[in-house]
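*Asks:* Dropping the sequence and predicted coords here.
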Amino acid sequence: MTKADIVNKISDKTGIEKLAVQTTVEEFMKTVRKSLEEGKNVYLRGFGSFVVKKRAQKTGRNISKNTTIIIPEHFIPSFKPSKTFVEKVKKSVK
């Protein structure tokens, strides 16, 4: 499902114009992105959490040059679905 599909579905179900729905969806994504960039997690009860995870420094290999490289610690965005969300997906997807 794409962002356009989401906008169409919400517009059909609510009767709100597609342009207004698209603006709302894009603002939601901007708000979540900005919050994660600031290191703040976003919690949506019954849906899940958008969290910032810390990855520790580790040693990697550049296989083309056969050298060892150090990958510094860094932060990545992550999504953790709620337990109810996980259960509903487990029961419905076949």
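*Replies:* Noted; the coordinates are in hand. Numbering: from 1, shown residues only.
*Asks:* And the pLDDT for Val93?
*Replies:* Looking at Val93, its pLDDT reads 82.
*Asks:* what's the distance between it and Glu87?
*Replies:* 11 Å (CB to CB, to the nearest Å). All C-beta atoms are positioned from the backbone trio N, CA, C, and that covers glycine.
*Asks:* Those two: which is more packed in?
*Replies:* Per other CB atoms under 10 Å, whichever of Val93 and Glu87 has more neighbours is Glu87, with 11 against 6.
*Asks:* what's next to whichever strand or helix holds that one, contact-wise?
*Replies:* Glu87 belongs to helix 83-92 when assigned by DSSP states H and E. Contact with helix 83-92 is made by 46-48, 81, as judged by CB atoms under 8 Å, 6 or more residues apart in numbering.
*Asks:* cutoff 7 Å now
*Replies:* Helix 83-92 has contacts (CB atoms under 7 Å, 6 or more residues apart in numbering) with 46-48.
*Asks:* same deal with stretch 69-79?
*Replies:* Contacting residues not belonging to stretch 69-79 are listed as 36, 48, 50-60, 62 [CB under 7 Å, 6+ apart].
*Asks:* What are the structural domain limits within this structure?
*Replies:* Per automatic domain parsing, the domain ranges recorded for the chain read 1-40, 51-94.
*Asks:* ranking the ones you listed by burial, who's on top?
*Replies:* Highest mean neighbour count among the domains of the chain (mean count of other CB atoms under 10 Å): domain 1-40, with a mean of 12.
*Asks:* so how far is the first residue of that domain from its last?
*Replies:* 27 Å (CA to CA, to the nearest Å).
*Asks:* Show me the residue at the heart of the chain, geometrically.
*Replies:* Residue closest to the mean C-alpha point of the chain, counted by CA atoms, centre = their mean, is Phe79 at 5.0 Å.
*Asks:* That'll do, ta.
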